[in-house]
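Asker: sequence? don't have it. structure:
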């Protein structure tokens with residue numbers, strides 16, 4: 001995976017995370033109250049920082065969703081990359 005592809009995935013994840021939170025009408029403070037995450041840290045996950053595995057579970061719990069929904073960002077690794085040799 002190239003650096004450009006990694007950044008695309010990070011960007012899609014951040015956008016998705018923010019949309020999930022907003023769809024639940026939750027503020028950063030609400031997330032902090034529903035988990036042991038600091039609201040400034042959660043804000044960083046939406047802007048620039050990659051959460052660790054257990055943090056993903058805490059975020060899912062605070063959003064009251066299954067953890068797999070956090071990673072449902074439209075990436076399909078089973079499809080060949082454009083221009084890849086078959």
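Answerer: Everything's here; your move. The model shown is predicted, which means the values in this text are computed figures rather than measured ones.

Asker: going forward, measure contacts and count neighbours with C-alpha atoms only.
Answerer: OK.

Asker: Show the average pLDDT along stretch 59-72.
Answerer: Mean per-residue pLDDT for stretch 59-72: 94.

Asker: ok, and for it, which residues are buried?
Answerer: The neighbour-count check on stretch 59-72 (16 or more other Cα atoms under 10 Å) flags 59-60, 62-63, 67, 70 as buried.

Asker: quick one, helices of the protein?
Answerer: 3-23, 28-34, 39-47, 53-63, 67-70 (DSSP state H).

Asker: Ok, which of those helices comes nearest residue 77?
Answerer: helix 3-23 (11.5 Å; Cα to Cα).

Asker: For that closest one, enumerate the helices and strands it packs against.
Answerer: Using 3 or more Cα pairs under 8 Å, 6 or more residues apart in numbering; DSSP states H and E, the elements in contact with helix 3-23 are helix 39-47, helix 67-70.

Asker: Any idea how far the first one is from the middle of the chain?
Answerer: A distance of 11 Å separates the centroid of the chain from that of helix 39-47, by Cα atoms, centre = their mean, to the nearest Å.

Asker: Give me the residues contacting that helix.
Answerer: Residues from elsewhere that reach helix 39-47 (Cα atoms under 8 Å, 6 or more residues apart in numbering): 14-15, 17-18, 28-29, 31-32, 51.
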